[in-house]
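Any chance you could fold what I've pasted below:
(2 chains)
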Amino acid sequence: MIEIKNLVKKYNDKIILNGINADISDGEIFSIMGPSGSGKSTFIKCLVKLVFPDSGRIIVDGEDVLGGKNEFELARMRRNFGYLFQDGALFDSLNVMENVCFGLRYLTDIESSKYERIAKEKLSLVGLKDIQSLRVSELSGGMKKRVALARAIASEPKYILYDEPTTGLDPVSSEKISELIVSMQEKLDITSIVVTHDLKLAFTISDRIAMLHDGKFDLAGSPGDLKKSEDPFVKKFIKDSICHDMKDVKNK
Amino acid sequence: MRYFFQQLGHGFIPLFKATGKVTLMVKSVIVWLFKSKLEFEEIIKQSVRIGSDSLIVVCLINFFTGMVLALQTGYSSKSLFNEPLYIGTIVGFSIVKELAPVLTAIVVAGRAGAAVTAEIGTMKVTEQLDALHTLGTNPARYLLIPRYIAFIVTLPLLTVFADFLGISGGFVVSLVKLGVPSTVYWNDIFTFMDISNFMHGFLKSIFFAFIIATVSFHKGLGTKGGAEGVGKATTDSVVTSMVLILVFDYFISAAFVFVGII
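Coordinates of the predicted model:
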């Protein structure tokens, strides 16, 4: 379980996160929505201390991850998390197999002879086969996201953080990714925290959705709660998102 | 007056910030150097890359520098004393103590240093550096340590090549153009030069390697923005490395003279 208490993050004098509180239960898919630049990515980066919050507490399975940790303790804490970056952040200098195995070397004590088997298993879990020797530059956008997901789950973390998992993908690939997020939860019992502004994705996969506005969560409830919400910002966000999606469809 | 000091102080803030960041980066490298296993495969890969990137240019530049040095020295000496005197000694001292280490360092800063900054900068803007953290390692351990070692091993080796090529260039000109017998040229070198002259340049190149690596990493890690940011960081890296090499060349030389490595 992840408990977030009064989390504050400022860049220079600009307040990005202004006292966020949330509890994320084990096994749930928790989505965070909000307009671009609202601090969604900053929020999940705070969870793994890629960004250092100014104040507040983040308690993961009873342990405060923000309290004076050195680099070694941080590395140990991050073992609980898999992270799917917005553009995959695959290492250009390595091939697909090396990318997927990368975390196994540093996060686990698994013998290196087993890496290949594990990588193949995770790649097949995300629907990819026979691409182990391809370079990252040879992959399509959707494939990159799926390889990045295979890399994130290779060490079998308890939590996965998804940063805009469907951004830049065509509808078919987006659909595939949303199915994968749900299947990761079902097959591996992973807790997922999804940052997105893709309304369809959030409504399809989430157990709960939080709306990030002015550095705070305006609402954290089920997709149904969000639809029924009378909060003016939430209503406007949903309406604008639907209009935007319809425009996209019309253009296509 | 107050305004003047305010502006003066303001100008120094980025310098102090950069110094602080570099210190923390080097500290992190030292900590992980002792706490983690060395990535030998990566060290060899990077050493080969740095060496192969720069070898041909280093050889060419130093060979021709040796040639022009012999030519200028020979004709100056001829006009003063009517014969070319001590060509080997002058070429040897100049190449081994000063020109080979400095020119080689400048070439490596322009080739390998720029490449490393661009690589790390691209990794920064595409979140690959963040990915390293989430995958149980960090840039210091995975990227910087192997590259530091590669620079510190490769640059002195390239300098030895440069010494040899520079002196050979001088030899060719003194033999063909100035008519100095080969025994005289080599005799001029070995009579007046000893191992400490060689060590002066060789040890300097280790310091230069540290400067190039530190600047390249610092600029790469500090990259902001997209492709434009990477380009800016790369240019900054090369210019800063070159300036620091030439500035520190004097201070390192002076320190070596002080401790008797002349």
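
Up against chain B, what does the stretch 151-252 of chain A have?
Contact residues, the stretch 151-252 of chain A versus chain B (Cβ under 8 Å from any Cβ of the partner chain): A:151-152, A:155. Backbone N, C-alpha and C define where each C-beta goes, glycine included.

What about those, which are in helices?
A:151-152 (DSSP state H).

so how far is the first residue of stretch B:215-227 from its last?
One end of stretch B:215-227 sits 19 Å from the other (Cα to Cα, to the nearest Å).

ok, that stretch near chain A or not?
No. Shown here: stretch B:215-227 not in contact with chain A (Cβ under 8 Å from any Cβ), separated by at least 11.4 Å.

Can you give the contact residues for that stretch?
Residues outside stretch B:215-227 that contact it (Cβ atoms under 8 Å, 6 or more residues apart in numbering or on different chains) are B:18, B:21-22, B:25, B:109, B:112-114, B:116-125, B:129, B:139, B:143-144, B:147-148, B:229-230, B:232-234, B:236-237, B:240-241, B:244.

tell me which residues of it are tucked away?
B:215-223 (16 or more other Cβ atoms under 10 Å in any protein chain shown).

so which of those residues comes closest to A:Leu188?
B:Leu221 (34.0 Å; Cβ to Cβ).

Would you list the phi and psi of the closest one?
Reported as degrees, to the nearest 10, the phi and psi values for B:Leu221 are phi -70, psi -20.

What number of residues are in the vicinity of A:Asp92?
A:Asp92: 14 surrounding residues under other Cβ atoms under 10 Å in any protein chain shown.

Do you know the pLDDT at whichever residue of the stretch 1-150 of chain B sits closest to chain A?
Of all residues in the stretch 1-150 of chain B, B:Gly136 sits closest to chain A, at 3.2 Å by Cβ to the nearest Cβ. Per-residue confidence (pLDDT) for B:Gly136: 89.

swap in the one 3 residues further on?
At B:Pro139, the pLDDT value in this model is 94.

Name all residues that make contact with the spatially closest residue to it that is not a sequence neighbour.
Spatial nearest neighbour of B:Pro139, chain neighbours left out: B:Leu129 (5.2 Å); criterion: Cβ to Cβ, 6 or more residues apart in numbering or on different chains. Applying Cβ under 8 Å, 6+ apart, we find B:Leu129 in contact with B:120, B:123, B:139, B:221.

any idea how far B:Leu129 lies from A:Phe91?
10 Å (Cβ to Cβ, to the nearest Å).

Mutual contacts of the two, please.
B:Met123.

mind listing what's buried in stretch A:184-202?
Neighbour counts over stretch A:184-202 (16+ other Cβ under 10 Å) mark A:184-185, A:190-202 as buried.

Among those, find me the one that's closest to B:Phe5.
A:Val195 (46.7 Å).

Distance check, the residue of the stretch 151-262 of chain B found nearest chain A against A:Asp87.
Residue nearest to chain A within the stretch 151-262 of chain B: B:Gly226 (11.4 Å; Cβ to the nearest Cβ). Distance of B:Gly226 to A:Asp87, given as Cβ to Cβ: 11 Å.

Now do stretch B:88-102: distance from first to last residue.
First-to-last residue span, stretch B:88-102, Cα to Cα: 20 Å.

Show me the contact partners of that stretch.
Counting by Cβ under 8 Å, 6+ apart, B:62, B:65-66, B:69-70, B:73, B:159, B:162-163, B:166-167, B:170-171, B:174, B:180, B:184-189, B:191-193, B:197-198, B:200-202, B:204-205, B:208, B:245-246, B:249, B:253 sit against stretch B:88-102.

which residues sit against stretch A:27-40?
So stretch A:27-40 is contacted by A:9, A:16-17, A:22, A:24, A:43-44, A:163, A:181-182, A:185, A:189-197, A:199, A:201-202, A:205-213, A:215, A:217, A:237 (Cβ under 8 Å, 6+ apart).

contacting residues for the residue nearest to the spatial centre of chain B?
Centroid-nearest residue in chain B, with Cα atoms, centre = their mean: B:Ala105, separated by 2.3 Å. Residues near B:Ala105 by Cβ under 8 Å, 6+ apart: B:155, B:159, B:205, B:208-209, B:211-212, B:241, B:245.

Could you dump these into a markdown table and include neighbour count and distance to chain A?
Formatted as a markdown table, these follow (neighbours: other Cβ atoms under 10 Å in any protein chain shown; distance: Cβ to the nearest Cβ, whole Å):
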| residue | neighbour count | distance to chain A |
| --- | --- | --- |
| B:Leu155 | 32 | 22 |
| B:Thr159 | 29 | 28 |
| B:Ser205 | 25 | 27 |
| B:Phe208 | 28 | 26 |
| B:Ala209 | 29 | 22 |
| B:Ile211 | 23 | 25 |
| B:Ile212 | 30 | 21 |
| B:Ser241 | 26 | 23 |
| B:Ile245 | 24 | 28 |
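
right, and the helix or strand after the host helix or strand of B:Gly66?
Using DSSP states H and E, B:Gly66 maps to helix B:40-81. Scanning forward in sequence from helix B:40-81 by DSSP H and E, the next helix or strand is helix B:87-93.

returning to what we had before: wasn't the residue nearest to B:Pro139 part of a strand?
No. Applying DSSP: H, G, I helix; E, B strand; the rest coil, one finds B:Leu129 to be helix, outside a strand.

gap between B:Asp249 and A:Asn80?
50 Å.

what's the burial count for the residue in the stretch 51-200 of chain A that chain B sits nearest to?
Nearest residue of the stretch 51-200 of chain A to chain B: A:Tyr106, at 3.2 Å (Cβ to the nearest Cβ). A:Tyr106 sits with 18 neighbouring residues when counted by other Cβ under 10 Å.

Could you do B:Ser253 as well?
19.

what's near enough to touch it?
Taking Cβ under 8 Å, 6+ apart, one finds B:97-98, B:200, B:204 in contact with B:Ser253.

Nearest to B:Leu80 among the residues of the stretch 151-252 of chain A next to chain B?
When those are compared against B:Leu80 (criterion: Cβ to Cβ), the nearest one is A:Arg151, at 70.1 Å.

Nearest residue to that closest one in space, please, no chain neighbours.
According to Cβ to Cβ, 6+ apart, the nearest residue to A:Arg151 is A:Val100 (4.9 Å).

Make sure the one you found is indeed in a helix.
Yes. Remark: A:Val100 belongs to a helix, assigned using three-state DSSP.

from what I can see it touches A:Glu116, true?
No. Proximity of A:Val100 to A:Glu116 does not meet the contact threshold set by Cβ atoms under 8 Å, at 9.5 Å.

joint contacts of these two?
A:Gln132.

between the two, which one's more packed in?
Between A:Val100 and A:Glu116, counted using other Cβ under 10 Å, A:Val100 has the larger neighbour count: 30 against 13.

So for that one, what's the pLDDT?
In the prediction, the pLDDT value recorded for A:Val100 is 95.

coming back round to it: of the contacts of stretch B:215-227, which qualify as buried by neighbour count?
B:22, B:25, B:109, B:112-114, B:116-125, B:129, B:139, B:143-144, B:147-148, B:229-230, B:233-234, B:236-237, B:240-241, B:244.

Give me the subset of the residues you listed that lies in strands.
Of the buried ones among the contacts of stretch B:215-227, none are assigned to strands by DSSP state E.
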